[in-house]
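Colleague: got a predicted structure plus its sequence, pasted below:
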There are 4 protein chains.
Amino acid sequence: MNETGIARLQELITRGPFNRWLNFTVLRSDDAGIEVRAGWREDWVVNPERRYTHGGILAAIVDVAADYAIAAKLGRPVPTIDVRVDYHKAAMPGDLIAKARIVRMGSQYSTAEASIFDQEGALVASGRGTYFTAPPK
Amino acid sequence: MNETGIARLQELITRGPFNRWLNFTVLRSDDAGIEVRAGWREDWVVNPERRYTHGGILAAIVDVAADYAIAAKLGRPVPTIDVRVDYHKAAMPGDLIAKARIVRMGSQYSTAEASIFDQEGALVASGRGTYFTAPPK
Amino acid sequence: MNETGIARLQELITRGPFNRWLNFTVLRSDDAGIEVRAGWREDWVVNPERRYTHGGILAAIVDVAADYAIAAKLGRPVPTIDVRVDYHKAAMPGDLIAKARIVRMGSQYSTAEASIFDQEGALVASGRGTYFTAPPK
Amino acid sequence: MNETGIARLQELITRGPFNRWLNFTVLRSDDAGIEVRAGWREDWVVNPERRYTHGGILAAIVDVAADYAIAAKLGRPVPTIDVRVDYHKAAMPGDLIAKARIVRMGSQYSTAEASIFDQEGALVASGRGTYFTAPPK
């Protein structure tokens, strides 16, 4: 397992059209995990009056951040087996920061988790995913 | 609890910018639950070579469909407390159909589930959410 | 994949000390899934005044029932990757019935779900697990 | 929210027959969360040859530990809305240590998480629960 640098991680993440749509910027990648920013867009709004971000966007960010915490170790993103997301606070318009780390790396499947913070540093959502990490055939 | 018709459900769902971006069409709403179609777009792709749909999109569709199975009963969408999604099969480009139903309706919080099918009728993802269904104050 | 009869399933389930402690009886096993009864014991109580069953017991029953829905197909129980349980209603003292089915059978990992009913037939808990179903080496 | 001491937490946890069966000892309770030990018993075994602990036991320990991380703040255990558990490593016979903390405390529902370690300090399972924390009526 060799560490993948921020530039390589950014390159991997930017390949995906949906990742591009979520405007991901890789901010950090080290032994403790990764940190990414998702750039807000008007399409993320769930409720036009209250204007907070749709839970589906937050779920997608949890999944991507947790997946790329594993990609930082394996050098490639991995298939998601399942994902679970807890919603803690309405995420108002603005970029979001996700911090993710590996909970346990396995030879067949692995667990990673991510927490999403708003511009004020408040925790808005967090969750975990199980990822398929068997070697590609 | 009075049933909300398809037109009303469509109106509620279309209010949200992210729901509009997911191109939802309400196909059915009855005692057994609801059925919605999400209209595919190129931005949903996770992997540019293999071209399948990002898991974050599928998570969002599970959340929206399960939420609106409850909205069909309550007359309003409800806040998601948490959501969990299982991925069963790569979802290739094309519209997706989600079928959702209430598992258990409670006075404070409720559980609903949704299954997503591709154009061939294959199950690509499914999951559940817990929703906050206390009366609004 | 050959069907394993009720007697064989009962034999497999009874091998485990914790399964024996949960007093499982296999009631049904067919293409639609399995049905098992867990025999109540005083040790299951969480709250001595209200006397309802501990959520940990319900989680264990969901896991066992979902696992054995897969065991009925594979001829062996399989390792649980993760399990998620929703609590719907307090389960008062008395035997519990769990109905379980495979959601999707995969070559590497599979999803199964279970619902638990009390003596009056009310749904008290339900949930899903992801199971490791790669062939044993 | 006033801190409940270890002795009070031990008293609350010991009230429940299933908690007693799991032989819980409260080891620590401070601002960072709680730590409890569950005392192993032969009934926990899932597989008589390999002798590791049943996932249902680990799920129950995650639920209890996460719940009592909240109880340490509220002065009372709270109803579990849902729980999700990831299995990381077979837990061989021996006492288990669970460390739990609140992820986010809410006025209506709250999230807490727990990690379970074996005698060698290896992470064997971890997970999260959503708890109903509205004031009792």
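Modeller: Looks like it arrived, so ask away.
Colleague: what parts of chain A come near chain B?
Modeller: A:15-22, A:42-48, A:54-57, A:59-61, A:63-64, A:79-87, A:127 (C-beta under 8 Å from any C-beta of the partner chain). For glycine as for every other residue, the C-beta is placed from the backbone atoms N, C-alpha and C.
Colleague: now, which of those lie close to chain C?
Modeller: A:81-82, A:84.
Colleague: just these: which are in helices?
Modeller: Judged by DSSP state H, helices contain none of these.
Colleague: who wins on neighbours among the residues you listed?
Modeller: A:D82 (30 neighbours; other C-beta atoms under 10 Å in any protein chain shown).
Colleague: report the beta-bridge partners for it.
Modeller: Beta bridges link A:D82 to A:T130, B:D86 when assigned by DSSP bridges.
Colleague: hang on, it packs against B:V83?
Modeller: No: A:D82 lies out of contact with B:V83 (C-beta atoms under 8 Å); the separation is 11.0 Å.
Colleague: what touches both of the two?
Modeller: Residues touching both A:D82 and B:V83 (C-beta atoms under 8 Å, 6 or more residues apart in numbering or on different chains): B:G127.
Colleague: is stretch A:64-73 anywhere near chain D?
Modeller: No: using C-beta under 8 Å from any C-beta, stretch A:64-73 stays clear of chain D, coming no nearer than 11.9 Å.
Colleague: tell me which residues are up against that stretch.
Modeller: Against stretch A:64-73 from outside (C-beta under 8 Å, 6+ apart): A:1, A:3-4, A:9, A:12-13, A:19, A:22, A:24, A:26, A:29, A:33-34, A:36, A:77-78, A:80, A:83, A:98-102, A:105, A:110, A:112-114, A:116, A:127-129, A:131, A:133, B:56.
Colleague: CA atoms only for it, dumped as PDB, please.
Modeller: C-alpha atoms of stretch A:64-73 as PDB (Å, rounded to 0.1, in the frame of the first residue of the first chain):
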ATOM      1  CA  VAL A  64     -17.200   9.800  -2.400                       C
ATOM      2  CA  ALA A  65     -15.100  11.000   0.600                       C
ATOM      3  CA  ALA A  66     -15.100   7.600   2.300                       C
ATOM      4  CA  ASP A  67     -14.300   5.900  -1.000                       C
ATOM      5  CA  TYR A  68     -11.300   8.200  -1.700                       C
ATOM      6  CA  ALA A  69     -10.000   7.700   1.800                       C
ATOM      7  CA  ILE A  70      -9.500   4.100   0.600                       C
ATOM      8  CA  ALA A  71      -8.400   5.200  -2.900                       C
ATOM      9  CA  ALA A  72      -5.600   7.200  -1.200                       C
ATOM     10  CA  LYS A  73      -4.200   3.800   0.000                       C
END
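Colleague: tell me the residues of chain A that contact chain D?
Modeller: So far as C-beta under 8 Å from any C-beta goes, chain A lies against chain D at A:84, A:86, A:88-89, A:103-104, A:106, A:111, A:123, A:126, A:128, A:130.
Colleague: swap the cut-off to 6 Å and go again
Modeller: Contacts of chain A with chain D, taken as C-beta under 6 Å from any C-beta of the partner chain, map to A:84, A:86, A:88, A:104, A:111.
Colleague: any chance of those in JSON lines with pLDDT as columns?
Modeller: Conversion of the residues of chain A next to chain D to JSON lines gives the following (pLDDT from 0 to 100):
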{"residue": "A:R84", "pLDDT": "98"}
{"residue": "A:D86", "pLDDT": "98"}
{"residue": "A:H88", "pLDDT": "98"}
{"residue": "A:R104", "pLDDT": "98"}
{"residue": "A:T111", "pLDDT": "98"}
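Colleague: which one of those residues sits closest to B:P93?
Modeller: A:R84 (26.7 Å; C-beta to C-beta).
Colleague: distance of the closest one relative to B:T130?
Modeller: As judged by C-beta to C-beta, to the nearest Å, A:R84 and B:T130 stand 11 Å apart.
Colleague: before we move on, what about A:P77?
Modeller: Taken as C-beta to C-beta, the span from A:P77 to B:T130 is 28 Å.
Colleague: of these two, which one has the most company?
Modeller: B:T130 (26 against 21).
Colleague: the more buried one contacts B:D82, correct?
Modeller: Yes: counting by C-beta atoms under 6 Å, B:T130 touches B:D82, with 5.2 Å between them.
Colleague: centre of the chain to the longest helix seen in chain A, how far?
Modeller: Longest helix in chain A, counting residues (DSSP H): helix A:55-74. Relative to the chain's own centre, helix A:55-74 is displaced by 3 Å; criterion: C-alpha atoms, centre = their mean, to the nearest Å.
Colleague: any low-confidence regions in chain A?
Modeller: Scanning chain A for pLDDT under 70 picks out A:1-4.
Colleague: the strands in it, which residues?
Modeller: For chain A, applying DSSP state E gives strands covering A:24-30, A:33-38, A:80-87, A:96-104, A:109-117, A:123-132.
Colleague: can you list those in JSON lines and add distance to C:G94?
Modeller: Below are these laid out as JSON lines (distance: least, C-beta to C-beta, whole Å):
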{"stretch": "strand A:24-30", "distance to C:G94": "52"}
{"stretch": "strand A:33-38", "distance to C:G94": "46"}
{"stretch": "strand A:80-87", "distance to C:G94": "31"}
{"stretch": "strand A:96-104", "distance to C:G94": "37"}
{"stretch": "strand A:109-117", "distance to C:G94": "36"}
{"stretch": "strand A:123-132", "distance to C:G94": "34"}
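Colleague: deepest-packed of these, please.
Modeller: Counting by mean count of other C-beta atoms under 10 Å in any protein chain shown, strand A:80-87 has the highest mean neighbour count of the strands of chain A, with a mean of 27.
Colleague: relative to strand B:123-132, how tilted is it?
Modeller: Orientation note: strand A:80-87 sits at an angle of 20 degrees relative to strand B:123-132 (axes from the mean of the first three to the mean of the last three C-alpha atoms, to 10 degrees).
Colleague: CA atoms of strand A:80-87 as CSV?
Modeller: Presented in CSV, the C-alpha positions along strand A:80-87 are these (Å, rounded to 0.1, in the frame of the first residue of the first chain):
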residue,chain,number,x,y,z
THR,A,80,-19.4,0.7,-2.8
ILE,A,81,-21.2,-2.3,-1.3
ASP,A,82,-23.4,-0.2,1.0
VAL,A,83,-23.5,3.3,2.5
ARG,A,84,-25.3,4.8,5.6
VAL,A,85,-25.7,8.4,6.3
ASP,A,86,-26.9,10.3,9.4
TYR,A,87,-28.2,13.9,9.0
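Colleague: nice, that's everything, thank you.
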